[in-house]
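Enquirer: Got a predicted structure plus its sequence, pasted below:
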Amino acid sequence: MQVSFSVAVAGASGYAGGEMLRLLLSHPEARIGALTANTSAGRPLGEHHPHLAPLAGRTLDPTDPDILAGHDVVVLALPHGASAEISAALEAAGSQALVLDCGADHRLVDPQDWEQFYGSAHAGAWPYGLPELIRAETGERQREELRRARRVAVPGCNVTAVTLALQPGVAGGIVDAGDVVATLAVGYSGAGRSLKPHLLAAEAAGNLAPYAVAGTHRHVPEIEQNLRRAGAETVRLSFTPVLAPVARGILATVTAPLRPGIEPASVRAAWEQCYGAAEPFVRLLPEGTWPSTAMVAGANAAAVQVAVDERAGRVVALCAIDNLVKGTAGAAVQSMNLALGLSETTGLTTVGVAP
Ligand SMILES: NC(=O)C1=CN([C@@H]2O[C@H](COP(=O)(O)OP(=O)(O)OC[C@H]3O[C@@H](n4cnc5c(N)ncnc54)[C@H](OP(=O)(O)O)[C@@H]3O)[C@@H](O)[C@H]2O)C=CC1
Ligand SMILES: CC(=O)N[C@@H](CCC(=O)OP(=O)(O)O)C(=O)O
């Protein structure tokens, strides 16, 4: 077991990088090393993240492979494309660091999916950082692959919510994954902190706005990939995200047909079996209570519920996460702990902030 390791965070001025630093500050074994950015290089971190008081006076360095390479762990919280480039440079420099990519560059296995949805050359796939994911072909969870990983592709936040909601039904043969409908309410921090007109307060406050509708969202192939890994033979997914005027949080409502011959009364047992005491960060709520984003804000936690709409013949599965914690930085810390041989829960809490 490796203890006390150094971590560099690239993209430290952004939302994902900042959340990573918030979690690392309370990780007992992590020593925070280089903090890098792009246009913000040379500026103090506190200009971007005044809430990270112990680090506020630290100066941001440029995102240079030489600055990152000497660390035990490198976290890449960069836009798509930038992380593939920098990780290739780290590899070429012979860096032994564990690299955690919070971006999408190394999530998809199928190059055609990548090219269709991201429009650039595929950089290859890394072990996928969702420890709770069911791997039907081995009967194990994804955490087993992460224990051996030196590279980790941290999942997309919407993907985590949809996957955790529905995978028990897919793996248990309860639902037909050939007709999945997912509607998500998503908070603004998921879009990052760069300026976009539709994210201005005057446009966003008091507004609900769908985006990337009708099968165009980049998370569609990633969700399909996860559901296939969980055991689905055929996946057809209709996915609609809706921006909601909250800073953090995703609430995914996912429905799929109940398979013929499955008794509605037996459905909950599949979710209980999947998310029992063995999953420290997924909480199946008591029957009749519903996930909400407030109950997971700031926590590395997914709140899940399942019910059967007998009139429609569909299973309704819901999941709430904080996009910046279980949706990004918390998943990265879970994966890092596994890859370093630490307890998966080290430095993480399921306790949120409310109201
Ligand atoms: N926000 C979220 O909920 C989630 C985000 N992610 C992923 O994490 C990554 C970061 O997202 P997020 O923090 O939201 O984005 P932000 O826009 O908030 O931050 C982006 C960061 O990357 C830096 N950066 C921008 N361009 C470059 C470049 N060419 N080279 C080096 N650094 C660069 C920025 O530096 P500077 O400030 O100097 O410009 C900033 O530090 C993305 O890939 C995103 O998709 C994944 C899951 C959820
Ligand atoms: C509100 C908003 O725009 N959210 C983002 C979530 C981004 C995310 O999860 O990250 P990746 O881009 O790394 O996949 C979206 O839906 O695209």
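Expert: That came in fine, so what should we check first? Numbers count the residues shown, from 1 in each chain. Ligands and ions are numbered 1, 2, ... in the order given.

Enquirer: Which helix or strand lies directly C-terminal to the lowest-mean-pLDDT helix or strand in the chain?
Expert: Lowest by mean pLDDT, DSSP states H and E among the helices and strands of the chain is helix 201-204, with a mean of 85. Once the chain leaves helix 201-204, the next helix or strand it forms, by DSSP states H and E, is strand 209-210.

Enquirer: quick one: is that next one near ligand 2?
Expert: No - residues of strand 209-210 contacting ligand 2 under Cβ under 6 Å from any ligand atom: none, with a closest distance of 9.9 Å. Where you see a C-beta, it was placed from the backbone N, CA and C, and this is true even at glycine.

Enquirer: Report the rounded mean pLDDT for that strand.
Expert: Taken as a whole, strand 209-210 has a mean pLDDT of 93.

Enquirer: Same question for stretch 151-171.
Expert: Mean predicted lDDT for stretch 151-171 stands at 98.

Enquirer: Let's see that stretch as CSV, backbone CA atoms only.
Expert: C-alpha atoms of stretch 151-171 as CSV (Å, rounded to 0.1, in the frame of the first residue of the first chain):
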residue,chain,number,x,y,z
ARG,A,151,-4.6,5.6,-16.3
VAL,A,152,-8.3,6.3,-15.5
ALA,A,153,-11.0,7.9,-17.6
VAL,A,154,-13.4,9.6,-15.2
PRO,A,155,-17.0,9.3,-16.4
GLY,A,156,-19.3,12.1,-17.7
CYS,A,157,-21.5,13.4,-14.9
ASN,A,158,-24.8,12.8,-16.7
VAL,A,159,-23.6,9.3,-17.6
THR,A,160,-23.0,8.4,-14.0
ALA,A,161,-26.5,9.4,-13.0
VAL,A,162,-28.2,7.5,-15.8
THR,A,163,-26.0,4.4,-15.3
LEU,A,164,-26.4,4.2,-11.6
ALA,A,165,-30.2,4.6,-11.9
LEU,A,166,-30.8,1.9,-14.5
GLN,A,167,-28.0,-0.7,-14.3
PRO,A,168,-29.6,-3.0,-11.7
GLY,A,169,-32.5,-3.5,-14.0
VAL,A,170,-30.3,-4.2,-17.0
ALA,A,171,-28.0,-6.6,-15.2
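
Enquirer: for the lengthiest helix in the chain, packing partners?
Expert: Taking DSSP state H as the assignment, the helix of the chain that covers the most residues is helix 157-171. Applying 3 or more Cβ pairs under 8 Å, 6 or more residues apart in numbering; DSSP states H and E, one finds that helix 157-171 contacts strand 134-135, strand 180-186, helix 219-229, strand 237-243, strand 250-257, helix 267-274, strand 302-309, strand 314-321.

Enquirer: by how many degrees do that helix and strand 180-186 diverge?
Expert: Relative orientation of helix 157-171 versus strand 180-186 (axes from the mean of the first three to the mean of the last three Cα atoms, to 10 degrees): 150 degrees.

Enquirer: Please tell me I have it right and Asp66 contacts Ala93.
Expert: Yes - look at Asp66 against Ala93 with Cβ atoms under 8 Å: they come within range, at 7.3 Å.
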